[in-house]
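1. what shape does this take:
(one chain, ligands or ions: 1)
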Amino acid sequence: MPTIHTVAVIGSGYMGGGIAQVFAKSGFTVLIADQSAEVASSALDRLVSEAYGFEEKGLFELGAAAAVEANLAAAESVEQACAQADLIIEAVFENIDVKTEVLQRISAAARGDAVIGTNTSTISVNKLKSAVENPARFMNIHFFNPAPFIPGAELVASDETDEAVVDAVIEVLNAAGKRPAVVGDTPGMVVNRIQYAMLSEAFRVVEEGVASMEAVDTLVRNSFGFRLGLFGPFAIVDQAGVDVYKSSFGILEDAFGPRMAIPESLSDAVAAGVHGTKVGKGLLGDYGDQDLTAI
Ligand code: NAI
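-> Presented below is the predicted three-dimensional model:
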């Protein structure tokens, strides 16, 4: 595996632009390309001035904007951006035909040892892999919006992706300040499935007149939104009590039916005495004296 120093981002729109800033501010050399040299060049101007704006507001650390300005450049074409890159990330329109065509061009222009990622949110990596010459070096690297600020990234390997490629992508994302996790190839992947489950309930409470959209946003941002910044959903269950969550699910299941059914593995855990940090044994394993903020 070559060490990743140079990153090409194909598609300089909302996500591609943010992804380019992420790598450029972390010291990688980054080239952005779009449908024409003019589009890429105007994206470059936007991304650099946006970076200074973020820094002024305290959203970027001091020096980050200068790093974006120094490390980011616009390419003349997709081919030019890809030729020297160690890692190429495709972030064009979410359309399988457009992505297939662009991935074919990327693959033809890339070095044989380059890693190619797609930022698709909804298209199976196993469907897209046939667009590249060497599927062993291809995978889904799914950033979240807004990419410069959200640390998480979902990684999805196809059934042909080389494990060393996944490891190299994890390493490079960690170096760029991200917190990636590997997940399976399922529609919506993990974060969107969970987010849409929450969103569906959020729409329901508004439609039922229980709360306004503004009230829902205020509560989510200031209650579990904040907690989820510190802990994942399972760590919260372990802290609050696995048995407590089972009882609460029971009450919600009585009220709303199967969509709030007690998850089978939650019932099994409670039956096995896994009641959370209070007993030192939770869904995430044995806690002992572990510092909970490190979960
Ligand atoms: P966007 O519309 O802002 O940007 C797409 C860019 O691709 C545009 O600049 C467009 O000119 C360029 N493009 C289109 N065809 C091209 C071609 N043939 N060659 C070179 N460049 C081309 O879209 P956005 O929101 O940035 O989405 C990009 C990808 O990221 C999609 O796959 C989307 O599903 C994914 N994504 C989007 C998120 C979001 O919240 N918007 C979140 C996570 C992933």
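2. for the residue of the stretch 1-150 of the chain found nearest the ligand, give me phi and psi.
-> The minimum distance from the stretch 1-150 of the chain to the ligand, using C-beta to the nearest ligand atom, falls at residue 13 (1.9 Å). The C-beta positions use only the backbone N, C-alpha and C, and glycine is treated the same way. Per-residue torsions, residue 13: phi -80, psi -150 (degrees, to the nearest 10).
3. ok, it - contacts?
-> Taking C-beta atoms under 8 Å, 6 or more residues apart in numbering as the criterion, residue 13 is in contact with 34, 43, 91, 92.
4. could you say which helix or strand contains residue 100?
-> Under the criterion of DSSP states H and E, residue 100 resides in helix 96-109.
5. give me the domain ranges for the protein.
-> Each domain of the chain is listed here as a residue range: 6-182, 190-294, per automatic domain parsing.
6. just name the most buried of those.
-> Mean neighbours per residue, mean count of other C-beta atoms under 10 Å, is largest over the domains of the chain for domain 6-182, with a mean of 19.
7. and that one, how far out from the chain's middle?
-> 12 Å (C-alpha atoms, centre = their mean, to the nearest Å).
8. rewinding a little: least reliable of the domains of the chain by average pLDDT, please.
-> Mean pLDDT is lowest for domain 190-294 out of these, coming in at a mean of 90.
9. can you tell me the centre-most residue of this structure?
-> The chain has residue 153 as the residue nearest its centroid, 2.6 Å off, counting by C-alpha atoms, centre = their mean.
10. check contacts around it.
-> Neighbour list for residue 153: 141, 142, 143, 144, 173, 178, 179, 180, 181 [criterion: C-beta under 8 Å, 6+ apart].
11. now the closest residue to it other than its chain neighbours: how far from the ligand?
-> The shortest distance from residue 153 to any non-neighbouring residue, by C-beta to C-beta, 6 or more residues apart in numbering, is to residue 180 (4.3 Å). Going from residue 180 to the ligand by C-beta to the nearest ligand atom, to the nearest Å gives 14 Å.
12. helix, strand, or coil at residue 180?
-> strand (DSSP: H, G, I helix; E, B strand; the rest coil).
13. who's in contact with whichever residue of the stretch 151-295 of the chain sits closest to the ligand?
-> Nearest to the ligand, among the residues of the stretch 151-295 of the chain, is residue 192, at 8.8 Å (C-beta to the nearest ligand atom). By C-beta under 8 Å, 6+ apart, the contact set of residue 192 is residue 121.
14. surely it forms part of a helix?
-> Yes. According to three-state DSSP, residue 192 belongs to a helix.
15. so how many other residues sit close to the residue lying closest to residue 124 once chain neighbours are set aside?
-> With sequence-adjacent residues excluded and distances taken as C-beta to C-beta, 6+ apart, residue 124 is closest to residue 185, at 5.5 Å. By the criterion of other C-beta atoms under 10 Å, residue 185 has 15 neighbours.
16. and the strands in the stretch 101-250 of the chain?
-> Taking DSSP state E, counting those that start in this stretch to define them, one finds strands in the stretch 101-250 of the chain at 115-118, 138-143, 152-157, 179-182.
17. list the neighbouring strands of the second one plus their orientation.
-> Based on DSSP bridges, the pairing partners of strand 138-143 within the sheet are strand 115-118 (parallel), strand 152-157 (antiparallel).
18. ok, the last one next?
-> According to DSSP bridges, strand 179-182 forms sheet pairs with strand 152-157 (parallel).
19. between the two ends of stretch 272-288, how far is it?
-> End-to-end span of stretch 272-288 (C-alpha to C-alpha, to the nearest Å): 18 Å.
20. next: stretch 179-191.
-> 13 Å.
21. and for stretch 184-194?
-> First residue to last in stretch 184-194 (C-alpha to C-alpha) measures 14 Å.
22. off-centre distance for that stretch?
-> Using C-alpha atoms, centre = their mean, the offset of stretch 184-194 from its chain centre is 11 Å.
23. flag every residue of this structure that's near the ligand.
-> Residues of the chain found near the ligand (C-beta under 6 Å from any ligand atom) are 10-16, 34-35, 39, 78, 91-94, 98, 102, 119-121, 143-145.
24. residue 141 reaches residue 169, doesn't it?
-> Yes. Between residue 141 and residue 169 there is a contact under C-beta atoms under 8 Å: 6.0 Å.
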